[in-house]
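Engineer: fold the stuff below for me.
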Amino acid sequence: MTILVTGARGRIARSLVQQLLSNGAKVRAAGREPAAAQLPEGVEAVAADLADPDTFGPALDGVAGVFLYAEPRGLDGFVAAARSAGVRHIVLLSAIGASTDSADPIARMHGEAERAVAASGIARTLLRPGGFATNTLSWAPTIRADGTVHDPFPESHSTPIHEADIAAVAARALTEPGHEGAVYELTGPESVTRREQADLIGEAIGQPVRFVLQSLDDHRESLAQWGPPEMAEILIEHAEDSVGRPARATDTVRRVTGRDARPYAEWARDHAPDFTGGSSRPR
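Structural biologist: Down below sits the predicted model:
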């Protein structure tokens with residue numbers, strides 16, 4: 001059985017590819033530039049772009065299971081092609097709160113992706129992670145430059161999840177029976193503030209990281225990478241609402257994989273080279 005992993009350059013996809021290989025699965029990785037993904041030996045790499053239906057055939061040939069990012073462009077066409085190709089199971093990377101009716105554009109986009117997969121008639125497993133630990137990689141440039149983190153919300157809580165844990169749940173869903181139809185809310189094991197995350201990065205790299213209060217205007221500018229201005233406002237609203245309020249942690253990773261989710265401190269150690277000028281490796 002061949003498993004197709006889309007978004008081959010993404011950190012979750014790279015970890016998933018490695019874990020599937022370790023479990024003896026036959027893996028095909030797809031992306032717009034698969035050669036740039038630096039895939040391990042034994043992985044078939046194919047070029048595939050959801051915006052280009054001509055690329056679907058080679059990517060889906062002989063595939064039984066797909067790990068799919070919630071990329072809005074071309075998703076309907078891709079899942080229709082997957083159905084025609086005989087794909088039996090899709091594991092979709094969605095998000096907590098996904099809903100087509102949400103005022104939150106992030107939740108709404110993921111809700112639309114879930115709708116498209118459901119409409120295909122293919123068996124599906126929905127992964128709904130909360131905040132990614134990898135979001136704090138946006139702090140890497142200033143940590144490398146002068147050991148600082150710039151953010152307006154040092155006491156904002158979240159339960160950041162390690163990408164390897166998301167990948168571990170996806171690997172189980174793709175290689176074991178019984179996950180079809182499941183909706184898995186995924187978080188890290190504990191609620192931590194942004195200040196605590198900065199401190200844990202400092203411990204991981206062996207030097208203190210200083211938290212610098214950032215103005216909201218500067219923060220809005222730094223969030224421009226995530227999308228249009230309304231996206232930045234939603235992210236700011238979420239952060240404000242989480243100040244001083246510990247976030248809920250789920251035990252889904254342990255229930256599905258049999259092991260506890262990795263704490264943020266472990267993620268920071270795994271990614272220490274990213275904050276010192278090196279590069280981390282997928283797990």
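
Engineer: low-confidence regions, this structure specifically.
Structural biologist: Within the chain, the ranges that satisfy pLDDT under 70 run 278-283.

Engineer: can you point out the buried residues in the lengthiest helix in it?
Structural biologist: Secondary structure assigned by DSSP state H gives helix 105-120 as the longest helix of the chain. For helix 105-120, the neighbour count (16 or more other CB atoms under 10 Å) marks 106-114, 116-117, 120 as buried. All C-beta atoms are positioned from the backbone trio N, CA, C, and that covers glycine.

Engineer: can you pull out the helices in the chain?
Structural biologist: Along the chain, the stretches classed as helices by DSSP H are 11-22, 56-60, 75-85, 105-120, 140-146, 163-175, 194-205, 216-222, 229-241, 252-257, 264-270, 272-276.

Engineer: let's see the second one as PDB, backbone CA atoms only.
Structural biologist: What it means is helix 56-60. Coordinates of each C-alpha in helix 56-60 appear next as PDB, following Å, rounded to 0.1, in the frame of the first residue of the first chain:
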ATOM      1  CA  PHE A  56      -2.800  14.800  -9.600                       C
ATOM      2  CA  GLY A  57      -2.600  11.600 -11.700                       C
ATOM      3  CA  PRO A  58       1.100  10.700 -11.100                       C
ATOM      4  CA  ALA A  59       0.800  11.700  -7.400                       C
ATOM      5  CA  LEU A  60      -2.300   9.500  -6.800                       C
END
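
Engineer: for the residue nearest to residue 83 when sequence neighbours are not counted, which residues are in contact?
Structural biologist: With CB to CB, 6 or more residues apart in numbering as the measure, residue 120 is the residue that lies nearest to residue 83, at 5.1 Å, once sequence neighbours are left out. Taking CB atoms under 8 Å, 6 or more residues apart in numbering as the contact definition, residue 120 lies against 79-80, 82-83, 90.

Engineer: closest one to residue 277 out of those residues, please.
Structural biologist: Each of those was checked against residue 277 using CB to CB; the closest is residue 90, at 38.0 Å.

Engineer: mind listing the residues bridging to that closest one?
Structural biologist: Per DSSP bridges, residues listed as beta-bridge partners of residue 90: residue 66, residue 124.

Engineer: tally of neighbours for it?
Structural biologist: 26 (other CB atoms under 10 Å).

Engineer: just confirm it contacts residue 83, I think it does.
Structural biologist: No: with contact defined as CB atoms under 8 Å, residue 90 and residue 83 do not form a contacting pair (9.6 Å).

Engineer: quick check: neighbours shared by these two?
Structural biologist: Taking CB under 8 Å, 6+ apart as the contact rule, residue 90 and residue 83 both touch 120, 122.

Engineer: what about residue 208, neighbour count?
Structural biologist: With neighbours defined by other CB under 10 Å, the count for residue 208 comes to 12.

Engineer: grab the nearest non-local neighbour of it.
Structural biologist: Spatially, and ignoring its direct neighbours in sequence, residue 208 is nearest to residue 202 (4.9 Å; CB to CB, 6+ apart).

Engineer: what sits against the one you found?
Structural biologist: Counting by CB under 8 Å, 6+ apart, residue 202 touches 147, 208-209.

Engineer: quick one: contacts of stretch 150-159?
Structural biologist: Defining contact as CB under 8 Å, 6+ apart, one finds that stretch 150-159 is touched by 130-131, 139, 142, 187-195, 198, 211-216, 218-219, 222, 239-240, 242-250.

Engineer: again, 7 Å this time
Structural biologist: Contacting residues not belonging to stretch 150-159 are listed as 130-131, 142, 187-188, 190-195, 211-216, 219, 239-240, 242-247, 249 [CB atoms under 7 Å, 6 or more residues apart in numbering].

Engineer: among those residues, which lie within strands?
Structural biologist: Among those, the members falling in strands (DSSP state E) are 192-193, 211-213.

Engineer: pull out the buried members of the residues you listed.
Structural biologist: In these, the ones that pass as buried (16+ other CB under 10 Å) are 192-193, 211.

Engineer: once you drop chain neighbours, what's closest to residue 218?
Structural biologist: Beyond its immediate neighbours in the sequence, the residue positioned closest to residue 218 (CB to CB, 6+ apart) is residue 150, lying 7.3 Å away.

Engineer: for residue 126, same thing?
Structural biologist: Ranked by CB to CB, 6+ apart and with sequence neighbours excluded, the top spatial neighbour of residue 126 is residue 183, at 4.6 Å.
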